[in-house]
Structures are given as C-alpha cells and as structure tokens.
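Engineer: mind looking at a prediction? Sequence and model below.
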Amino acid sequence: MSSITDVVKEGLKYPFNDGKKVLVLGLIFLISSFISFFIQYLAYDSMKVIAENAPIDTAQKAFSMIPQTNMALIVLSFIVIFILMIFCSGYLYNVIKYSIEARFELPEFKDIKGIFLNGIRSLIVGIAYTILPAILFLLGLMLTVNESIDCSINYIGGIILIISIILAIFISLVEIMAMSNMIYNDELAAAFRFREILALIKNIGWIKFIGILLFSFITIMIISAFFNFLFGAIAFGISILTGSALVLALINLILNALLIESYTSIVISRIYGSIYKEATNIGGNDGELEKLE
C-alpha cells in the first residue's frame, strides 16, 4: 500500500516521462486561452458600442446595438473552446486509465474519435453530479436574498445554501472515484453505481482518500504559485524592455497555458487513477471490492 506522499510524488514525476505530449496538451490549452482572450476583446468592443449609444431603455435594445459580426464570432469562439475542452477532458480520461493500469507512458493523441467520446462521457458525469447541488444552491440563494418574503423563509434559504455547499463537497469527492470507476469498467453506468463507489472509498479509507487529495491540491497550488511568480517576473522584465503591457499579458498567458495548466492537469489525473488503483488493490486482491450489503 502506497503512502500519501508516494502517490503524490509519482503523480508529480509522471508528466516528465514524455514532455512532448505535455506540450501538445499545453498547445490545446494555449489555443483555448487565445480564443478566450479574443472573446474578452469582442465583449469589450461590444460594451463600448453600447456605452456610446447610452442611455438604452431595455436589454433587448442593448443587444440589438451589438455588431452582428461580434455576436457571431463570440458564439463561434465559445463553440470552439467547448470542443477543445471536450478533447482535453478525453485525453485526461486516458491519463486516468493509464494510471489505473499502472502504465508509465503518457497516452497518445492518435485516436481522436475515442478521445472525443471519452470527453463526452466525462462531461455527462460532471453534469449529472453537479445538477443537485447547483439547484439547491440557486434555490437557497434566491430565498436568502429575496427581501420581499418573510425573514423565516430567508433563514430557510440560508440553511439550504449551507446544505448545498456541504453536499457539493461530498459529491465532488464521490465524483472523483465515480469517474475512475467508469474509466476502469469502460462503462458510463459504472459512474452511478453508488454502493460500489462508496465501497471503493471505504476500502482506501476516507481519511487517506481526503488526505491524498488535500496534499495533492496544496502541492499543486504551491508549484503553480511559484511558476506563476517566476513566469510573471520574466514577462514583466520583457514588457519593460518592449514598453508594452500587452506583451506582459501575452507571455503570462502563453507560459501558463503551455506549461502550468497542462502539467497540473496531467498530474491530478494521474493521482486520481492512482487513488482508484489503491482502492482496488487493498489486501492484494486486484479488483476485489468490499461489498456494501
């Protein structure tokens, strides 16, 4: 049985097994970041048009003032980002799979159709696990901030809000194991076999399970903060030499997307797979789970 630090150390080292594939994933993140940057520019340009025609009475009239080209480009950009993120999710799906199978190489990018299908699976599971806490949160928020209703209803809204946050934390933990269970069994329905998923978490132990995740996130946050500072300093130095604030923003964007986002995404996916492997290998019986009767 691996220790918490062993699982995290292995995850941190894993991307260095094939730096080229990390950069390929980083390039996809970079394209997505550039498109997001472009969307922000279009949104700013659209807001400027609306401001120039102020005052405007209705939201419908405000939208009608936005250039049609801007609207079309914004919608198209969001679609492209969505497709790229589905692809990235599908690749990280394969990273988890390789981790469960104890494979040390990084997945290939060749099976584009398979990667997209895996990304769609991940999206479905993510949405399914998000719906309930999201609905409760919105309901609680509406009841809490609504001043036209009785104070007792506001308090009930506050309670629902707290419950939704606690539920969201619990569900996010379960979702991690559920996603890995789906990947291991190569079956979407496996992500919703809750008794089996809870048995997996019980096998590894809730304390160790949460401990690995906390230690992983803290470690990744420290690494990300360090390199963000380092890359920020480099970008700042270059921007001073060029005299352009845009250069500062672009260099930060490029380095973060190309290196930090790709590296940390692969690390955390590798750790998720390692956690599942630990859960199924308790007692030395691969795939033998404690059944919750």
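Structural biologist: Received, thanks.
Engineer: if I read this right, residue 87 contacts residue 113, doesn't it?
Structural biologist: No: contact criterion Cβ atoms under 8 Å: residue 87 and residue 113 do not qualify, at 10.7 Å. Bear in mind the C-beta positions are built from the backbone N, C-alpha and C, glycine included.
Engineer: what about the stretch 1-150 of the chain, any weak spots by pLDDT?
Structural biologist: By pLDDT under 70, the low-scoring segments of the stretch 1-150 of the chain are 1, 52-64.
Engineer: could you list the buried residues of stretch 66-83?
Structural biologist: 66, 70, 73, 74, 77, 81 (16 or more other Cβ atoms under 10 Å).
Engineer: now for the helix or strand encompassing the second one, which elements pack on it?
Structural biologist: Spelled out, that is residue 70. Here residue 70 sits within helix 68-100, counting by DSSP states H and E. Counting contacts by 3 or more Cβ pairs under 8 Å, 6 or more residues apart in numbering; DSSP states H and E, helix 68-100 packs against helix 19-52, helix 112-145, helix 151-185, helix 262-280.
Engineer: give the contact list for the closest residue to residue 178 other than its chain neighbours.
Structural biologist: Leaving aside its sequence neighbours, residue 178 sits nearest to residue 191 (Cβ to Cβ, 6 or more residues apart in numbering; 4.4 Å). Residue 191 sits next to 125, 128, 178, 179, 181, 182, 197 when contact means Cβ atoms under 8 Å, 6 or more residues apart in numbering.
Engineer: mark which of those are buried, thanks.
Structural biologist: Buried among these (16+ other Cβ under 10 Å): 125, 178, 179, 181, 182, 197.
Engineer: pretty sure the third one contacts residue 125?
Structural biologist: Yes: using Cβ under 8 Å, residue 179 and residue 125 qualify as a contacting pair, with a distance of 5.8 Å.
Engineer: could you report the neighbour count for residue 235?
Structural biologist: 20 (other Cβ atoms under 10 Å).
Engineer: highest mean neighbour count out of the helices and strands packed on helix 68-100?
Structural biologist: Mean neighbours per residue, mean count of other Cβ atoms under 10 Å, is largest over the helices and strands packed on helix 68-100 for helix 262-280, with a mean of 23.
Engineer: okay, the angle between that helix and helix 19-52?
Structural biologist: 120 degrees (axes from the mean of the first three to the mean of the last three Cα atoms, to 10 degrees).
Engineer: just the CA atoms of helix 262-280, as CSV, please.
Structural biologist: Extracted C-alpha coordinates of helix 262-280, given in CSV (Å, rounded to 0.1, in the frame of the first residue of the first chain):
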residue,chain,number,x,y,z
SER,A,262,-1.0,21.1,-19.0
TYR,A,263,1.4,19.8,-16.3
THR,A,264,-1.0,20.2,-13.4
SER,A,265,-3.9,18.7,-15.3
ILE,A,266,-1.9,15.6,-16.1
VAL,A,267,-0.6,15.3,-12.5
ILE,A,268,-4.0,15.5,-10.9
SER,A,269,-5.4,13.0,-13.4
ARG,A,270,-2.6,10.6,-12.7
ILE,A,271,-3.2,10.9,-8.9
TYR,A,272,-6.9,10.2,-9.4
GLY,A,273,-6.0,7.0,-11.2
SER,A,274,-3.5,6.0,-8.5
ILE,A,275,-6.2,6.5,-5.8
TYR,A,276,-8.5,4.2,-7.6
LYS,A,277,-5.7,1.6,-8.1
GLU,A,278,-5.0,1.8,-4.4
ALA,A,279,-8.7,1.3,-3.6
THR,A,280,-8.9,-1.8,-5.7
